[in-house]
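Q: Give me coordinates for this.
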Amino acid sequence: MNVGDIVELEGWLVIIDYKLFLMPENYSESYEDGEKIEMSNPEIMFSVMDEILPLGGGKSFIFHKSKVLGGLIELSPMKIKPTALSVEERGRGFISIDIEGDV
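A: Just a heads-up that it's a prediction; the model follows:
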């Protein structure tokens, strides 16, 4: 992958230190220190919160399977500028998240 590439990724959407990340589907137990890709605009988390039921009892109230399409803007650490995002919500399947309203 190179900076500027358009990528389509799937994984777990999670908040770590007030930033939004996509982790691989098979993440390690210490996911905060493991492999992950940062979203360039963390304010998207507010649009996600409008569409999902937040989780309780964990460090992150967003921990949902997600699909993201966007441009790669950094390689180390990896960072993506999303153009489309969908999140799996219990009982509703994957729902599209409005990311344009928060950019």
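
Q: Who are the packing partners of the worst-scoring helix or strand of the chain on mean pLDDT?
A: When each helix and strand of the chain is scored by mean pLDDT, DSSP states H and E, helix 44-51 comes last, with a mean of 87. Applying 3 or more CB pairs under 8 Å, 6 or more residues apart in numbering; DSSP states H and E, one finds that helix 44-51 contacts strand 19-23, strand 78-89, strand 93-97. To be clear about C-beta, it is placed using only N, CA and C from the backbone, and glycine gets the same treatment.

Q: hey, which of these is tucked in deepest?
A: With neighbours defined by mean count of other CB atoms under 10 Å, none of the helices and strands packed on helix 44-51 is more surrounded on average than strand 19-23, at a mean of 21.

Q: coming back round to it: tabulate the helices and strands packed on helix 44-51 (a markdown table), appending distance to S47 and mean pLDDT.
A: Below are the helices and strands packed on helix 44-51 laid out as a markdown table (distance: least, CB to CB, whole Å; pLDDT from 0 to 100):
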| stretch | distance to S47 | mean pLDDT |
| --- | --- | --- |
| strand 19-23 | 10 | 93 |
| strand 78-89 | 8 | 94 |
| strand 93-97 | 5 | 93 |
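
Q: circling back: in the least confident helix or strand of the chain, which residues are buried?
A: I44, M45, S47, V48 (16 or more other CB atoms under 10 Å).

Q: quick one, phi/psi of E35?
A: Main-chain dihedrals, E35, degrees, to the nearest 10: phi -60, psi 130.

Q: give the contact list for it.
A: Counting by CB atoms under 8 Å, 6 or more residues apart in numbering, E35 touches M23, P24, Y27, S28.

Q: Kindly recompute the last result at 7 Å.
A: If a contact means CB atoms under 7 Å, 6 or more residues apart in numbering, then E35 has M23, P24 as its contacts.
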